[in-house]
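Quick one, fold the following:
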Amino acid sequence: MNLLKVKEILRDKGMTINDLANVMGINRVTLSNIINGNPTLETLQKIANSLGVKITELFMEVNENKYSISKNEFGNHYSYNDENVFLNSYLPHLTRNEVGSFSLDIKRRNFPVCPNHSKIYELVSSEESIEKITFKGSFKGQVLVNLFSSFTTLLSLPEYHSFCEALRMFIYLHRKCEEEIVALLGASKFKKEKDSSNYYLLGRVNRIIWNKLIALTKVYDLDSDKDELGKYNYTGYDIMMYNLEIERNYNIKMWISPIEHLSTDKEVMIGWKIPRDFNRKLIVENLIFNAQESYDFLYGTMIPKAIDL
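The predicted structure follows:
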């Protein structure tokens, strides 16, 4: 059971799956696997563009009366509500909640599913379809459903349809919000140290150069009268550059740290520390550096200056 209606759109347009695959420049088998899997937002957009439709038209029974979406400075919210299920969720947000959360209630059973952050990340990161993840068999016209190894129940076909539709839209919106956050953080070209890490990896530098960079922060320490390269808090370990125009609260313009477990005797893997969620609005206000700006300043300004020490 797949909630994408690509085949129906193809039929209406007098096209075949082969025609669509040719337009997209991929083979039919690959396209079929994509459609029957859990495609990313980028892939869904490519399919929609190739078909000449809006991305929301790819989904079956996307009824605006069933769901509501709100996005503002206080949070990103999505809810789905029909005669069978009610899903209430908070989506990833730049300054509020990076992972998101949801509660899914099967109305007939009144037993909500409330997964933790690790389970949500596992769900939205899966390449499998929500049907393949949850469907465990059928029994007397009902569907045996299992989710997160903690929720197992029998649902009627209409309930299962609603269950999948609610979760599929949550995954889609969750991914879209995540992509927006990564773009705002200027981190699209970088990878995280690990999923739960507070660091994006900016690359490796020679350890001798790294030591010179640390020495450079001492030259431009807060107690120094030099400031043409900015002001730093010399720690002997991190690169912490300040924006002294910010008089209150968080004023670290750039925080770079060595990621030692990924480093060697000769090279240091450096990481850009992600500001805490409620400080990230300073990036949008251009008061502190994002990941790309930190990379550019480090490699374009600081390293050449450090080499001359």
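
For the rest of this, base every contact and every neighbour count on C-alpha atoms.
Fine.

Helix, strand or coil: sort out residue 47 for me.
helix (DSSP: H, G, I helix; E, B strand; the rest coil).

what about it, neighbour count?
The tally of other residues near residue 47 (other Cα atoms under 10 Å) stands at 24.

so what's it closest to, chain neighbours aside?
Leaving aside its sequence neighbours, residue 47 sits nearest to residue 24 (Cα to Cα, 6 or more residues apart in numbering; 7.5 Å).

what's the single longest helix in the protein?
helix 157-184 (DSSP state H).

Now do the SS call for residue 194.
Assignment for residue 194 (three-state DSSP): coil.

and the residue sitting nearest the centre point of the chain, what does it touch?
The centroid of the chain falls nearest to residue 178 when counting by Cα atoms, centre = their mean (2.8 Å). Taking Cα atoms under 8 Å, 6 or more residues apart in numbering, we find residue 178 in contact with 92, 93, 98.

Just the buried ones from these?
Neighbour counting over the contacts of residue 178 (16 or more other Cα atoms under 10 Å) leaves 92, 93, 98 as the buried ones.

mind putting these in a markdown table, pLDDT included?
Output for the buried ones among the contacts of residue 178, formatted as a markdown table (pLDDT from 0 to 100):
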| residue | pLDDT |
| --- | --- |
| 92 | 91 |
| 93 | 90 |
| 98 | 76 |
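
and which of those is nearest residue 184?
Among these, residue 93 lies closest to residue 184 (Cα to Cα), at 10.7 Å.

How is the closest one assigned, secondary-structure-wise?
coil.

repeat for residue 136
strand.

for residue 269, same thing?
Quick answer, by three-state DSSP: residue 269 is strand.

Go ahead and confirm it touches residue 200.
No. Contact criterion Cα atoms under 8 Å: residue 269 and residue 200 do not qualify, at 10.5 Å.

nearest spatial neighbour of residue 213, skipping sequence neighbours?
residue 306 (5.5 Å).

Within the helices and strands, which one has that neighbour?
helix 303-307 (DSSP states H and E).

Buried residues in that helix, which are they?
303, 306.

which helices and strands sit right next to that helix?
helix 207-219 (3 or more Cα pairs under 8 Å, 6 or more residues apart in numbering; DSSP states H and E).

Just give me how far the following helix or strand past the helix it packs on sits from the chain centre.
Scanning forward in sequence from helix 207-219 by DSSP H and E, the next helix or strand is strand 231-232. Remark: strand 231-232 is offset 32 Å from the chain centroid, using Cα atoms, centre = their mean, to the nearest Å.

For the nearest residue to residue 229 once chain neighbours are set aside, give its distance to residue 248.
Of all residues not flanking residue 229 in the chain, residue 220 sits nearest, at 7.1 Å (Cα to Cα, 6+ apart). Per Cα to Cα, to the nearest Å, residue 220 is found 21 Å from residue 248.

In the chain, what residue spans correspond to strands?
67-72, 75-81, 85-91, 101-106, 111-113, 135-139, 142-147, 151-156, 191-192, 199-206, 231-232, 239-242, 252-258, 267-273 (DSSP state E).

my guess is residue 280 contacts residue 95, does it?
Yes. With contact defined as Cα under 8 Å, residue 280 and residue 95 form a contacting pair (5.9 Å).

ok so, going back, give me the pLDDT value at the residue nearest to residue 47.
pLDDT, residue 24: 92.

pretty sure it is touching residue 48, no?
No. Residue 24 is beyond contact range of residue 48, at 10.5 Å (criterion: Cα under 8 Å).

Any chance you could list residues touching both of the two?
Joint contacts of residue 24 and residue 48 (Cα under 8 Å, 6+ apart) do not exist.

For residue 253, see how far away the residue lying closest to residue 282 once chain neighbours are set aside is.
Excluding its sequence neighbours, the residue lying closest to residue 282 (Cα to Cα, 6+ apart) is residue 288, at 5.8 Å. Residue 288 sits 4 Å away from residue 253, going by Cα to Cα.

Pull up the overlap in contacts between these two.
In contact with both residue 288 and residue 253: residue 243, using Cα under 8 Å, 6+ apart.

Any buried residues in stretch 182-201, and which?
Neighbour-count burial for stretch 182-201 [16+ other Cα under 10 Å]: 184, 185, 186, 187, 190, 192, 193, 199, 200, 201.

Would you reformat those residues as CSV and include pLDDT and distance to residue 172?
Converted to CSV, the buried residues of stretch 182-201 look like this (pLDDT from 0 to 100; distance: Cα to Cα, whole Å):
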residue, pLDDT, distance to residue 172
184, 91, 19
185, 94, 20
186, 95, 21
187, 95, 20
190, 96, 22
192, 92, 21
193, 93, 24
199, 96, 25
200, 97, 24
201, 97, 26
